[in-house]
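# Any chance you can model this:
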Amino acid sequence: MRSLYSDKEASEFKTDLDLRVYTSRLLGRDSSLVLHGGGNTSVKSTATNLFGETEDILYVKGSGWDLATIEAEGFAPVKMEMLLKMAELKELNDTDMVKYQRLAMTNPSAPNPSVEAILHAIIPFKFVDHTHTDAVVTITNTQGGEDKIKELYGDKVLVIPYIMPGFVLAKLIYDMTRDVDWSQLEGMVLMNHGLFTFNDDAKKSYEKTIELVDKAEKYLADKGAVLDVKETNTNTDLLVLARIRKEISNLKGKATISILNNSSEAVYFSKQNIDNIATQGPLTPDHVIRTKRIPAILGNDFESDLAEYIKEYKQYFEDNKTNETLLNPAPNFAILRGEGSLSFGANAKEANIIKDINEHTFEAILKAEMLGGYKALSAANIFEVEYWSLEQAKLKKAGNAPEFSGQVAIVTGAASGIGLAIAKMLNSRGAAVVALDINPEITNIFNKADMIGVQCDLTCSEDIQNAVSIALKSFGGIDIVVSNAGIFTPSENLDSLSDENWQKSMDINLTSHQKLIKETAPFLKLGIDACIVMVASKNFPAPGKGAAAYSVAKAGQTQLARIAALELGEYGVRVNTLHPHAVFDTAIWTDEVLAKRAKAYGMSVDEYKTNNVLKTEICSENVAELVCAMAGKPFAKTTGSQVAIDGGSDRII
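Next up is the predicted model:
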């Protein structure tokens, strides 16, 4: 492991807190040091209070912040005097600890201080860095792990036996270090938990972490704990993925994202003795809030496997509970025998965090096995963290989920105009979106964990099958299909209509919708509150001269939707159609085209835009709102309907 510290970059940071932000972000850049909010850092400094008095302040990472992106406001300022007095108490429950830490803050709007704030305070150095480094924790999670750590670091590192984070951990270290010469220590290893380094200089504290981790990595390599995983291909049945995700959603009582990890390492791990190595517990107890203690192990009869997991989880709860309330017993991730793993989350972000944790854990377990055998903390220790009152409080603060949280949507024609607005609005309301368009820019427009752009020719079944595969592997299923893609062919009367324009309109405006339904229907039948929304046109109920190719195709599309409603209704899949008209904020309506059309009708551009009964302009966002309504609760009991969105057309009315 190499230091990322740059003297040039660091010279731009003048204050203690600015330097703390800088080196914290350096730690956060490396996922083998900290993952998704893990670890914490601090700096001791001074501040002048309202009365002109100088106070010693601990700036410690606040709850909810991630070291990779932390800002100065992510550090909670806590009075050192109060923290040091708290360390002298004989006992203090965690709820009171949090309360009194907040009372000691100099900024009431700052986030809650880390539960390890007292521990940071008693370490007599300006900068303190705490990481959950994979290499060190891997060694601690082996048979004889403590002896291996002592062999590696000697007496330069203080080894702390595992104990619950919070006041009891701070108190233990406070008592253990009363007679310790801190100047002789390079760090502390908390068994099964992580590494602490410290120094009065930000660079030295950070680089001591790098040095100790580098030693651990070399130790693993010297002992032969090095992975050599060959690339492995799997052919996971997509319908099985959809069925598993459906069952998990039922068990959790809400739509759930399910992400397949079929990387070479995940597949290799899933082919090991997973009944033993995958069911001991997490790499560090902090992970249990995300992952639960162990995964479900799924084979061909996954329903029975999940039922057995639920039974065993409830027994684990009964064996360890005092006065806690049972959490939902469904797994947060699963190992697919021989095919990788699945991570389950209320949304794509949550599922991806679990996937990331799993990837690091798989590697650590495999290396630990080479080092004498993986050995996690006991179920009782893990339960203590999983049902920790402070962690449960975090879960309760999560608030209400967005409308489409956990659902998966496919939107076609999403690179611009109406499709773009629909995809963005569904995502803003919680849905994971797979956005399709023939325009290759679609992959740049949608390039996030919960928004994936796929270049797709909707007249090509293979392209659609590829997009469906991406949706299933990325999110686990399909719940919402918005069939929006279309083109407006040049105006031609019937007596001069070209075969090319006729066929092009039929292929894109009709047949592509049929192909999309064919490829997605098997998965929609396994979807959560599943629906299809057809974006057709006012030209179906009110066709115009010169638009035969377009109008006839749109009429066919509308009829297709009605038949789909009849065929898919028994599976709970709703199919509804909307007919937009004169949506002017799309690519085809340039200023030049608008001016030309308005002039042809003897109107100004503004008059032309509002040439409807309500005298209102229709925008892509308005269409997106109606799509969301059709996909959501307002249309939960409706199928086979057709709704115009045109401000009112006298020709239709």
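# and residue 335, what does it touch?
Residue 335 sits next to 269, 270, 274, 278, 295, 296, 297, 298, 341 when contact means C-beta atoms under 8 Å, 6 or more residues apart in numbering. Every residue, glycine included, has its C-beta placed from N, CA and C.
# got it, and residue 60?
So residue 60 contacts 40, 41, 42, 75, 76, 78, 113, 114, 116, 117, 120 (C-beta under 8 Å, 6+ apart).
# Look up phi and psi at the last one.
This means residue 120. phi -60, psi -40 (degrees, to the nearest 10).
# Also the third one?
Backbone geometry at residue 42, expressed as degrees, to the nearest 10, gives phi -150, psi 160.
# ok, it touching residue 21?
No: assessed by C-beta atoms under 8 Å, residue 42 is found out of contact with residue 21, at 11.7 Å.
# Looking at stretch 527-544 now, give me its mean pLDDT.
Computed over stretch 527-544, the mean pLDDT rounds to 94.
# Could you check that stretch and say which residues are buried?
If you call a residue buried by 16 or more other C-beta atoms under 10 Å, then stretch 527-544 has these buried ones: 527-543.
# Repeat that for stretch 513-527.
Residues of stretch 513-527 classed as buried by neighbour count (16+ other C-beta under 10 Å): 513, 515, 516, 517, 519, 520, 521, 523, 524, 525, 526, 527.
# Now do the buried residues in stretch 483-498.
By 16+ other C-beta under 10 Å, the buried positions in stretch 483-498 come out as 483, 484, 485, 486, 489, 497.
# now stretch 235-250
Buried residues in stretch 235-250 (16+ other C-beta under 10 Å): 236, 238, 241, 242, 243, 244, 245, 246, 247, 248, 249.
# what sits up against it?
255-258, 260, 262, 298, 302-303, 306, 330-331, 334, 336, 339-340, 342, 344, 406, 468-469, 472-473, 476-478, 522-523, 526-528.
# still on that earlier bit, out of the contacts of residue 60, which sit inside strands?
Applying DSSP state E to the contacts of residue 60, the entries found in strands are 40, 41, 42, 75, 76, 78.
# A strand includes residue 248, no?
No: using DSSP: H, G, I helix; E, B strand; the rest coil, the assignment for residue 248 is helix, not a strand.
# Tell me where the stretch 501-650 of the chain has helices.
Assigned by DSSP state H, counting those that start in this stretch, the helices in the stretch 501-650 of the chain fall at 512-524, 548-568, 591-600, 605-609, 620-631.
# Turn these into CSV, including distance to residue 641 and mean pLDDT.
Shown next, in CSV, are those (distance: least, C-beta to C-beta, whole Å; pLDDT from 0 to 100):
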stretch, distance to residue 641, mean pLDDT
helix 512-524, 17, 98
helix 548-568, 8, 97
helix 591-600, 30, 84
helix 605-609, 27, 92
helix 620-631, 8, 98
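# Of these, which is nearest residue 383?
Closest to residue 383 of the helices of the stretch 501-650 of the chain is helix 512-524 (C-beta to C-beta; 37.0 Å).
# Check which residues of the longest helix along the chain are buried.
When the chain is parsed with DSSP state H, its longest helix is helix 348-370. Of the residues in helix 348-370, 348, 350-369 count as buried by neighbour count, 16+ other C-beta under 10 Å.
# How about stretch 437-453?
Using 16+ other C-beta under 10 Å as the test for burial, stretch 437-453 gives 437, 438, 439, 442, 445, 446, 449, 450, 451, 452, 453.
# shaky segments in this structure?
392-398 (pLDDT under 70).
# which residue of it sits farthest from its center?
Largest separation from the mean C-alpha position in the chain: residue 495, at 55.6 Å (C-alpha atoms, centre = their mean).
# Would you agree it falls within a helix?
Yes: Residue 495 forms part of a helix when assessed by three-state DSSP.
# Check the contact between residue 336 and residue 295; I expect there is one.
No: between residue 336 and residue 295 there is no contact under C-beta under 8 Å: 9.9 Å.
# Count the neighbours of residue 300 for me.
Neighbours of residue 300 under the rule other C-beta atoms under 10 Å: 8.
# again, but for residue 74
Using other C-beta under 10 Å, the number of residues around residue 74 comes to 20.
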